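Q: Give the three-dimensional model of this entry:
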Amino acid sequence: MSVQSWFNRIWYERPAPPWWLLPLSLVYGAVAGSRRFLYAKQVRRATRLPCPVVVIGNVSVGGTGKTPLVCWLVQHLIERGYKPGVVTRGYGGSSTIVRRISASDDPSLVGDESILLARRSGAPVAIGRDRPAAAQLLVSAGCNVIVCDDGLQHYALARDCEVVVIDGDRRFGNGWLLPAGPLRETPARLKVADAVVVNGGRALLRGALSMRLEAKNAVALLTGTVRPLGDLTGKSIHAIAGIGNPERFFNMLRSRGIEVAGRSLADHARLTPRDIDFGDDKPVLMTEKDAVKCARFAGDHHWYVPVTASFEDGDADSLLNIVLGRITNRDHISQGTIDG
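A: Numbers count the residues shown, from 1 in each chain. You can find the predicted model right below:
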């Protein structure tokens with residue numbers, strides 16, 4: 001059992017964590033809380049950019065659906081005449097510098113999510129542990145709105161709008177902070193966010209917006225051939241997922257009537273030929289993020305499944321109105337400062 005699997009069992013399958021993890025959670029909470037307090041009181045100064053900043057993050061570790069939501073928002077901003085840029089850390093990559101991303105970059109260097117964002121968002125993407133510096137790189141390139149994929153707890157970059165995404169199935173796990181639980185901050189943090197989006201699940205939080213991830217097709221890694229997922233209904237396939245919640249991907253395929261034998265990998269795992277080899281010619285389906293890392297050694301039976309964010313009636317307009325309202329308000333403030 002991997003370390004990640006062990007923690008997932010503690011966080012999501014047990015009513016209480018081992019007692020010896022609890023003191024570590026208290027220390028984590030004290031450090032995180034004091035850091036946020038220092039920025040709130042301006043003892044530590046956050047960098048404010050000359051353009052609006054929208055942060056899409058979460059209060060827990062692991063995948064909640066942030067990246068598809070970032071792509072969705074960026075596309076809507078482009079349609080409305082904005083020039084958004086996307087900042088992400090580049091987690092899983094070895095690069096330690098701030099840099100722009102190309103869709104052809106090596107994922108082992110810049111991480112898988114950054115390449116996925118560069119391919120899907122249609123916007124410039126920059127990575128860096130120093131998010132203010134990465135964002136400034138995009139501003140210098142002509143971007144007039146910055147969208148951060150993750151970074152809710154990265155208070156060094158001042159933001160004008162916060163959108164928190166929650167996994168509707170796993171929610172807050174056992175409710176404990178790291179490492180006894182999956183939380184980076186307590187659920188009370190949601191009260192000061194501009195919007196809360198619940199991805200899937202049936203238990204919608206009061207005041208939250210409902211999102212789901214939709215998948216319609218599978219795409220061949222070698223040729224780019226598109227195949228409707230409906231073609232696989234009733235058939236037996238293999239599936240791999242190196243994401244925060246692999247079961248979400250497997251269950252999505254099963255909901256289409258596909259017989260899935262799933263192989264869970266660590267989030268951002270560096271894939272090898274062995275990881276996608278099952279010794280037969282059955283189709284192997286994977287997430288788009290995983291496909292970024294194994295295109296060079298994939299076969300003709302390897303497919304990835306792109307997902308897009310979709311909302312319940314009215315929730316898409318509600319989220320856009322919130323984000324655009326914060327952006328417009330920042331633009332007015334900036335203009336007033338210039339005019340003054």
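Q: hey, where'd the helices end up in the stretch 51-200 of the chain?
A: Taking DSSP state H, counting those that start in this stretch as the criterion, the stretch 51-200 of the chain carries its helices at 66-79, 107-110, 112-120, 131-140.
Q: can you tell which of those helices is closest to residue 305?
A: When these are ranked by proximity to residue 305, the top entry is helix 66-79, at 12.0 Å, counting by CB to CB. Every C-beta, even on glycine, is put in place using the N, C-alpha and C of the backbone.
Q: buried ones in that closest one?
A: 66-77 (16 or more other CB atoms under 10 Å).
Q: How about stretch 3-15?
A: The neighbour-count check on stretch 3-15 (16+ other CB under 10 Å) flags 4, 7-8, 10-12 as buried.
Q: And for stretch 271-288?
A: Neighbour counts over stretch 271-288 (16+ other CB under 10 Å) mark 271, 275-276, 283-288 as buried.
Q: Now do stretch 312-321, average pLDDT.
A: When the per-residue pLDDT values of stretch 312-321 are averaged, the result is 92.
Q: For residue 217, grab the count of nearby residues.
A: Around residue 217 sit 15 other residues, with neighbours defined as other CB atoms under 10 Å.
Q: Next, it: phi, psi?
A: Note on residue 217: backbone dihedrals following degrees, to the nearest 10 are phi -130, psi 160.
Q: Run through the residues that contact it.
A: Contact partners of residue 217, counting by CB atoms under 8 Å, 6 or more residues apart in numbering, are 226-229, 305-306.
Q: which residue ranges form the strands in the stretch 151-300 of the chain?
A: 161-167, 195-199, 209-214, 217-220, 226-228, 236-241, 259-264, 284-287 (DSSP state E, counting those that start in this stretch).
Q: Residue 176 reaches residue 24, doesn't it?
A: No. Residue 176 lies out of contact with residue 24 (CB atoms under 8 Å); the separation is 10.0 Å.
Q: Of these two, give the one with the bigger neighbour count.
A: It is residue 176, of residue 176 and residue 24, that has more neighbours when counted by other CB under 10 Å, with 23 against 15.
Q: List the contacts of the more buried one.
A: Applying CB under 8 Å, 6+ apart, we find residue 176 in contact with 11, 17, 21-22, 25, 182-183.
Q: and residue 332, what pLDDT?
A: With respect to pLDDT, residue 332 has a value of 68.
Q: By neighbour count, which of the contacts of residue 217 wins?
A: Neighbour counts for the contacts of residue 217 were taken using other CB under 10 Å; the highest belongs to residue 305, with 22 neighbours.
Q: In this structure, where is pLDDT below threshold?
A: Scanning the chain for pLDDT under 70 picks out the ranges 1, 202-204, 331-340.
Q: can you do 80?
A: By pLDDT under 80, the weakly predicted segments of the chain are 1-5, 63, 201-205, 331-340.
Q: Can you tell me the centre-most residue of it?
A: residue 66 (3.1 Å; CA atoms, centre = their mean).
Q: which residues does it contact?
A: Remark: with contacts taken as CB under 8 Å, 6+ apart, residue 66 is in contact with 56-58, 149-150, 165.
Q: One more: residue 320?
A: Contacts for residue 320 (CB under 8 Å, 6+ apart) come out as residue 76.
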